[in-house]
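Asker: this one's sequence-less:
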């Protein structure tokens, strides 16, 4: 009897087992990956995004800087080429000029020597003309001089000084600074006896200057001399606000005599001196100011023990504002240690008023 064949099965038990194991492995792998992805996605991404944006900004800045650097390099190269071209042109021009100078060198040297000789001749002639004019003026004015002044040497002329006009006002600073040129000697002499103060070289020189000026007055003119320190007062007592006759030699001599007996002392109130100009009736045609430095006050009294340079300049400006604009002021400035702004401000006063500025030497007049 024939044996019955077993039916053929497509899926055997062993194959299903393999498939089940494989499917289970896939599921397990997916679960592991899903757990890791979930853990990663649960982290806060803000910090990472910020870092990413920062890197992106830095990259953009770097690219921008790179572009700028390239443009700058191109501009510099262009400027370099332009500069090299200009340098070449300048060098060529210099060479041309050198060639021209070499051609005219000999002719120019001869012309220079001839011009220098002519300038020397002109200067010699000008000095001779000045000397002759001075001699003629001395001879002419000798007969018109009201007083005689005898100085040392030939010091009878001051260039640019204007002594004309019918009325001349002389303002003399008689503050303590007129005792000497240095601060130390001023303080030392301030404590000396009166006779020693009167013998101060600087003060005697100022008195001699007034003596010289009075000798130059025009006949028929009028004058007035005021002294000022903290206040201003006329040198001749009782002549306040009154014009004196220059023809009266007695009054001129009395004024110089009083000056020689006056002791320099106190502060410098230049405003009081400037107020004298408008107090006279009529106003003076010419003002001569004898001073040595900027004022230290603008009122008769003050509580300040020290005054700064800025304050002294302000006091000077306040005093100058008292002057009318149409009266020339001739300044005789004597040296004073440490007062560096005084020469410029006094020169400016003389220049703006149409007067003259004279820095007095130690041996004048």
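Answerer: Cool, the structure landed. Note that the structure is a prediction, hence the values are computed from the model and not measured.
Asker: burial measure for residue 132, as a count.
Answerer: 10 (other Cβ atoms under 10 Å). C-beta: built from backbone N, CA, C; applies to glycine.
Asker: oh, and call the first residue 37 from now on, that's how I've got it
Answerer: Okay, residue one is now 37; in that scheme the one you just asked about reads as residue 168.
Asker: in what helix or strand does it lie?
Answerer: For residue 168, the element it lies in under DSSP states H and E is helix 82-178.
Asker: that helix - contacts with which helices or strands?
Answerer: Of the remaining helices and strands, none touches helix 82-178 by 3 or more Cβ pairs under 8 Å, 6 or more residues apart in numbering; DSSP states H and E.
Asker: residues in contact with the following helix or strand past that helix?
Answerer: Following helix 82-178 in sequence order, the next helix or strand is strand 203-209 (DSSP H and E). Contacts of strand 203-209 with the rest of the structure, by Cβ atoms under 8 Å, 6 or more residues apart in numbering, involve 242, 246, 249-250, 253, 257-265, 268, 271, 279, 282, 295, 304, 306, 309, 312-313, 316, 318-328.
Asker: so what's residue 237 closest to, chain neighbours aside?
Answerer: Sequence neighbours aside, residue 216 is the residue nearest to residue 237 in space, at 7.7 Å (criterion: Cβ to Cβ, 6 or more residues apart in numbering).
Asker: contacts only, for that neighbour.
Answerer: Neighbouring residues of residue 216 by Cβ under 8 Å, 6+ apart: 222, 224-225, 236-238.
Asker: and it, backbone torsions?
Answerer: phi -160, psi 170 (degrees, to the nearest 10).
Asker: now do residue 365
Answerer: Per-residue torsions, residue 365: phi -120, psi 120 (degrees, to the nearest 10).
Asker: what sits against it?
Answerer: Neighbouring residues of residue 365 by Cβ under 8 Å, 6+ apart: 323-325, 359, 385-386, 389, 391.
Asker: tell me which of those residues fall in helices.
Answerer: Counted as lying in helices by DSSP state H, out of these, are 385-386, 389.
Asker: specify the local secondary structure of residue 262.
Answerer: Secondary structure assignment for residue 262 (DSSP: H, G, I helix; E, B strand; the rest coil): strand.
Asker: gap between it and residue 311?
Answerer: Note on residue 262: its distance to residue 311, by Cβ to Cβ, to the nearest Å, is 10 Å.
Asker: overlap of the contact sets of these two?
Answerer: With Cβ under 8 Å, 6+ apart as the test, residue 262 and residue 311 both reach residue 268.
Asker: hmm, back to that, pipe the ones in helices among the contacts of residue 365 into TSV and attach distance to residue 348 and pLDDT per row.
Answerer: Below are those laid out as TSV (distance: Cβ to Cβ, whole Å; pLDDT from 0 to 100):
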residue	distance to residue 348	pLDDT
385	14	92
386	18	91
389	20	89
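Asker: name the residues that touch stretch 380-394?
Answerer: Outside of stretch 380-394, the residues within contact range by Cβ under 8 Å, 6+ apart are 194, 196-198, 322-323, 325, 327, 330, 349, 352, 356, 359, 361, 363-369.
Asker: now stretch 280-291
Answerer: In this structure, residues lying in contact with stretch 280-291 by Cβ under 8 Å, 6+ apart are 182-183, 204, 246, 250, 253-261, 271-272.
Asker: select only the buried ones of the residues you listed in ChimeraX?
Answerer: Here is the ChimeraX selection string for the buried members of the contacts of stretch 280-291, based on 16 or more other Cβ atoms under 10 Å:
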select :182,204,246,250,253,254,257,258,259,260,261,271,272
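Asker: just to revisit the earlier point, out of the contacts of residue 365, which is nearest to residue 54?
Answerer: Residue 54 lies nearest to residue 385 out of the contacts of residue 365, by Cβ to Cβ, at 123.3 Å.
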